[in-house]
Every structure is written in structure tokens, then in C-alpha cells.
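S.K.: what would the 3D arrangement of this be:
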Amino acid sequence: MNLTPQQAMRAAVAVPGVPRDEDGPVFREPWEARAFAMALALHEAGVFTWKEWAETLGAQIKRAQAAGDPDTGETYYRHWLATLETLVAAKGVATSDVLHRYRDAWDHAADRTPHGAPIELTAEDFGK
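M.R.: As a prediction, this is how the structure comes out:
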């Protein structure tokens, strides 16, 4: 998914805490940008409002902090991803079972893929 700089900045401003500089959101890893883009696409499709997103993200961060997350900023997009999964399940876009099935398949595909090569899901990654 390709984001325009304007789309990315609107989302970064709409959701408190998004790591950003004067050019827009800042990501440490490619998966963070993809998670950001998925949330933006689902918002633009009307799956959730930014208010819903911010409330769910805030609750996720509070739970993580209560469980010992040091809140150094390094885990921000892990909370973003957990929020994305929570809202996708809550809004009926995909069930938690489907999300877990794909996460397990992705882990399997990543384990068999040589470092630096693109990860591709195959039927075998989904097991039996």
C-alpha cells in the first residue's frame, strides 16, 4: 500500500503519540510502516474512527505498561499492531482465530526464509 505524504501526516496528527518528524511518521522497521498503512486504509474504509482508534490504542498501551512495558517508545508499533488486531476482530473484519492462523503462518514462513529474502506465504505455512 502506498501512502501519500498528506495521508500519512493526517493520520500522524489524528492519533496522539505517533512517532514523527516534520515530514511525517517515522518508522524503525518496514513492518511498522505496513501496520500504519493498514490502519490508515481501514480508517479510510470506515471500519473505525480515529477516536475509536486512539481510545483502543490508549487502553492497549495502559495494559502493556501494567504488565511491565517500559514505555521507551520502542514498543509503540507493537501496541499499534495489537490495536489493529483488536479492532479488526471487534468490527468483524476478521475473527481472532483467523488473525492467529495468519500470524502462525507468517511466523512459519519467516522461519524458513533466508535472511534478506522476501517472505512469501504458501499453503504449507498454514499447516494441516
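S.K.: what helix or strand is residue 120 on?
M.R.: Using DSSP states H and E, residue 120 sits in no helix or strand.
S.K.: can you give me the domain boundaries for the protein?
M.R.: When the chain is parsed with the TED database, its domains come out as 5-94, 95-127.
S.K.: just those domains: most buried one?
M.R.: Comparing the domains of the chain by mean neighbour count (mean count of other C-beta atoms under 10 Å), domain 5-94 comes out on top with a mean of 15. Where C-beta positions appear, they are placed from N, C-alpha and C, glycine not excepted.
S.K.: low-scoring pLDDT stretches of the chain, where are they?
M.R.: The chain contains residues with pLDDT under 70 at 1-17, 128.
S.K.: and the helices in this protein?
M.R.: Under the criterion DSSP state H, helices of the chain are mapped to 5-14, 30-44, 50-66, 76-90, 96-112.
S.K.: and these: which comes nearest residue 22?
M.R.: helix 5-14 (9.6 Å; C-beta to C-beta).
S.K.: tell me how far the residue nearest to residue 47 when sequence neighbours are not counted lies from residue 52.
M.R.: Once flanking residues are discounted, residue 47 sits nearest to residue 91: 5.3 Å by C-beta to C-beta, 6 or more residues apart in numbering. Distance of residue 91 to residue 52, given as C-beta to C-beta, to the nearest Å: 9 Å.
S.K.: residue 88 now?
M.R.: In terms of C-beta to C-beta, residue 88 sits 12 Å off from residue 52.
S.K.: again, but for residue 108
M.R.: In terms of C-beta to C-beta, residue 108 sits 32 Å off from residue 52.
S.K.: again, but for residue 113
M.R.: From residue 113 over to residue 52 the distance is 35 Å, taken as C-beta to C-beta.
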